[in-house]
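Participant: okay, here's the prediction I keep looking at, along with the sequence it came from:
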Amino acid sequence: TEVAPGAVLIPDWLDEQRQRELVAACREWARPPAGMRTVRTPGGGVMSAKVVALGWHWRPYHFSKTADDGSPVKRFPPELGDLADRAITDAFGRAPDDGPQYDMALLNFYDAKAHMGMHQDKDELSKAPVISLSLGDACVFRFGNTESRSRPYTDLELRSGDLFVFGGPSRLAFHGVPRILPGTAPRPLGLTGRLNLTLRATGLDP
Ligand code: MD3
Ligand code: FE
């Protein structure tokens with residue numbers, strides 16, 4: 001369903017088997033070196049969600065190839081490039097536009113108390129849609145407007161296995177995660193908390 005121009009939500013896109021495989025992969029990606037870490041925001045705050053990036057290391061306003069611990073950032077797995085192409089095709093009914101390839105993934109982990117404030121994703125040079133996959137506990141996702149972090153916005157629930165693609169005018173919409181719904185993860189996943197995997201095209205030279 002198109003939630004806003006260019007924003008397409010496909011509930012239950014990943015079946016339980018795929019979700020389990022992806023959670024297992026996420027556990028590996030979260031491991032040091034270049035593992036999951038806390039991000040300090042430019043305003044002097046600390047994000048409550050923990051983050052690890054693949055392909056490019058990410059800090060607000062900056063991409064690099066070296067993680068905070070000094071190790072090289074983990075590579076962007078080619079399987080995630082294939083997954084990105086399938087996501088775009090299913091969301092928009094056609095193959096991805098020519099342009100920069102999907103070359104980075106950002107994995108966020110939320111415990112029961114974590115949240116993410118309203119923000120725009122403006123660090124990528126490319127306008128390619130951002131692809132979001134949710135795993136584990138459900139959350140309230142707040143989808144706003146392109147002007148400011150305040151109203152009007154729409155609150156939606158994102159659940160394990162959901163695909164959400166943000167292209168076109170929605171690519172620069174403010175968005176955030178006001179809260180996690182603890183204990184809502186599908187039992188077989190064996191996951192406490194929520195993982196969100198976003199796939200992106202940075203538009204940077206490798
Ligand atoms: C709309 N992540 O990693 S996913 C982020 O659930 C981020 O962890 C949230 O915001 C999370 O930057 C929200 C949905 C999402 C992701 C990227 C977007 C929505 C977006 C980029 C542009 C517009
Ligand atoms: Fe974001």
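Facilitator: Thanks, I have the structure now. Ligands and ions are numbered 1, 2, ... in the order given.
Participant: can you pull the residues of this structure lying near ligand 1?
Facilitator: Applying Cβ under 6 Å from any ligand atom, one finds that the chain approaches ligand 1 through 106, 108, 116, 121, 130, 132, 164, 166, 170-171, 173, 175, 177, 196, 198. All C-beta spots, glycine's among them, are computed from the backbone N, C-alpha and C.
Participant: which ones among the residues you listed map onto strands?
Facilitator: L106, N108, M116, V130, S132, F164, F166, H175, V177, N196, T198 (DSSP state E).
Participant: and for the residue in the chain positioned nearest to ligand 1, the neighbour number?
Facilitator: As assessed by Cβ to the nearest ligand atom, ligand 1 sits closest to N196 within the chain, at 3.3 Å. N196 has 24 neighbours, counted by other Cβ atoms under 10 Å.
Participant: in what helix or strand does A84 lie?
Facilitator: Assigning secondary structure by DSSP states H and E places A84 in helix 78-92.
Participant: may I see the buried residues of that helix?
Facilitator: The neighbour-count check on helix 78-92 (16 or more other Cβ atoms under 10 Å) flags L80, G81, L83, A84, D85, A87, I88, A91, F92 as buried.
Participant: does the fifth one really touch R94, like I thought?
Facilitator: No: the pair D85 / R94 is not scored as a contact, 11.0 Å apart, by Cβ atoms under 8 Å.
Participant: before we move on, the earlier item: apart from its neighbours in sequence, what residue is nearest the residue of the chain closest to ligand 1?
Facilitator: Distance criterion Cβ to Cβ, 6 or more residues apart in numbering; nearest residue to N196, sequence neighbours excluded, is N108 at 4.6 Å.
Participant: and the pLDDT for the one you found?
Facilitator: You'll see N108 listed with a pLDDT of 98.
Participant: swap in the one 3 residues further on?
Facilitator: We note a pLDDT of 98 for D111 in this prediction.
Participant: most remote residue from the protein's center?
Facilitator: Checked against the mean C-alpha position of the chain, the extreme residue using Cα atoms, centre = their mean is G70, at a distance of 23.5 Å.
Participant: contacts only, for R171.
Facilitator: G6, D121, K127, P129, V130 (Cβ atoms under 8 Å, 6 or more residues apart in numbering).
Participant: now the helices for the protein?
Facilitator: 16-30, 78-92 (DSSP state H).
Participant: what angle sits between the first one and helix 78-92?
Facilitator: In terms of direction (axes from the mean of the first three to the mean of the last three Cα atoms, to 10 degrees), helix 16-30 departs from helix 78-92 by 130 degrees.
Participant: I would like the residues contacting helix 16-30, please.
Facilitator: Counting by Cβ under 8 Å, 6+ apart, 14, 35-36, 52, 54, 74, 77, 105, 107, 109, 133, 135-136, 160-161, 186, 188-191, 195, 197 sit against helix 16-30.
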